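S.K.: Structure for the following, please:
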Amino acid sequence: MGLLDWFGKGKGEAPVSKSARDVARYARLVESKLSQDYDRQDAIEQLGKLGTAASCEALLKRFNWSMDPSITDQDEKESAARGIIAAGKVALEPLRAYCKRAESLTWPLKILKEIVEPAHYVEELLAALDQFDTEYLRNPEPKIQLLGALSEHPTEDVRVALLPFVQDVSEPVRYAAVVAVLAIDNAASAEALVAGIEHEESLRVKNRVASGLAEKGWPVPLELREACADSLPPGFRLVGEFVRANS
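M.R.: All right, here's what the predicted structure looks like:
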């Protein structure tokens, strides 16, 4: 009978590997701004060498908080990002899980872009956006960041995914959605944009829709022209089927 049968282990319990214990210890250092800088930075470095899903999950904890000085904060986050990127596709599941609960997606999206091919990156963004609806969200920032990232990929799938958020409960999200839809640059989006401003209360959103339609020269669908004319903000008017800025 081995020593572990006598000390520290219950019957049938698998021993905890040294690697798992190390990851847990390093994770505690990484997730706390109260840990010593040297210890935390060493933990980030050691986790980066492991290249496992567990080590990537631990490194992602460093993006949960910020510290002063900002240079140290940036250096530590860049080091954590490098460690996750070096792990490659192994990091995907921890990244997906993290994105579902993160307060900000700035760093996860940067990392994701380095790990997957461009076409798959768009698929990952769409999958992340699909977890959100247009209802109230305490922190809309991840939604806004996803809309901005998707605006750089003008495909029909992206355009269709963006349109519902033109009528999101959150004004910042609606504005971000309008900006993203205009960036996709497809005249078929005019209908959703015009329909969105009919009951829009935000002058900022109305102005962005009106200026976008005027700049793009997209025709307003016949059935929406009357509502469009009544909903345009000051400084814009409907001339025939087009929105124009007043001279």
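
S.K.: neighbours of residue 157, just the number please.
M.R.: 12 (other CB atoms under 10 Å). In this view, the C-beta of every residue, glycine as well, is placed from N, C-alpha and C.

S.K.: Give me the phi and psi angles of it.
M.R.: Backbone torsions of residue 157, given as degrees, to the nearest 10, read phi -60, psi -40.

S.K.: Residue 125 is in contact with that one, correct?
M.R.: No. With contact defined as CB atoms under 8 Å, residue 157 does not count as touching residue 125 (10.4 Å).

S.K.: ranges for the helices of this structure?
M.R.: Assigned by DSSP state H, the chain shows helices spanning 3-6, 18-30, 37-50, 53-60, 70-87, 92-99, 106-115, 118-129, 141-150, 156-162, 171-184, 190-197, 203-216, 225-231.

S.K.: so where's this structure shaky on pLDDT?
M.R.: Scanning the chain for pLDDT under 70 picks out the ranges 1-18.

S.K.: how does it look with 80?
M.R.: In the predicted model, the chain carries pLDDT under 80 at residues 1-18, 247.

S.K.: residue contacts, residue 164?
M.R.: residue 134 (CB atoms under 8 Å, 6 or more residues apart in numbering).

S.K.: switch to 10 Å and redo it
M.R.: 129, 132-134, 177, 192 (CB atoms under 10 Å, 6 or more residues apart in numbering).

S.K.: returning to what we had before: find the residues that touch each one of residue 157 and residue 125.
M.R.: Contacts common to residue 157 and residue 125, judged by CB under 10 Å, 6+ apart, are residue 150.

S.K.: still on that earlier bit, what would the helices of the chain look like in JSON lines with distance to residue 240?
M.R.: Converted to JSON lines, the helices of the chain look like this (distance: least, CB to CB, whole Å):
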{"stretch": "helix 3-6", "distance to residue 240": "84"}
{"stretch": "helix 18-30", "distance to residue 240": "60"}
{"stretch": "helix 37-50", "distance to residue 240": "61"}
{"stretch": "helix 53-60", "distance to residue 240": "53"}
{"stretch": "helix 70-87", "distance to residue 240": "51"}
{"stretch": "helix 92-99", "distance to residue 240": "45"}
{"stretch": "helix 106-115", "distance to residue 240": "42"}
{"stretch": "helix 118-129", "distance to residue 240": "36"}
{"stretch": "helix 141-150", "distance to residue 240": "31"}
{"stretch": "helix 156-162", "distance to residue 240": "25"}
{"stretch": "helix 171-184", "distance to residue 240": "21"}
{"stretch": "helix 190-197", "distance to residue 240": "14"}
{"stretch": "helix 203-216", "distance to residue 240": "13"}
{"stretch": "helix 225-231", "distance to residue 240": "9"}
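
S.K.: most tightly surrounded among those?
M.R.: helix 53-60 (a mean of 24; mean count of other CB atoms under 10 Å).

S.K.: other SSEs contacting it?
M.R.: helix 18-30, helix 37-50, helix 70-87, helix 92-99, helix 106-115 (3 or more CB pairs under 10 Å, 6 or more residues apart in numbering; DSSP states H and E).

S.K.: try 6 Å this time
M.R.: Counting contacts by 3 or more CB pairs under 6 Å, 6 or more residues apart in numbering; DSSP states H and E, helix 53-60 is packed against helix 18-30, helix 37-50, helix 70-87, helix 92-99.

S.K.: between those helices, which gets nearest to residue 219?
M.R.: Nearest to residue 219 among those is helix 92-99; the distance by CB to CB comes to 37.9 Å.

S.K.: Show residues contacting the closest one.
M.R.: Helix 92-99 is contacted from outside by 53, 56-57, 60, 105, 108, 112, 128, using CB atoms under 6 Å, 6 or more residues apart in numbering.
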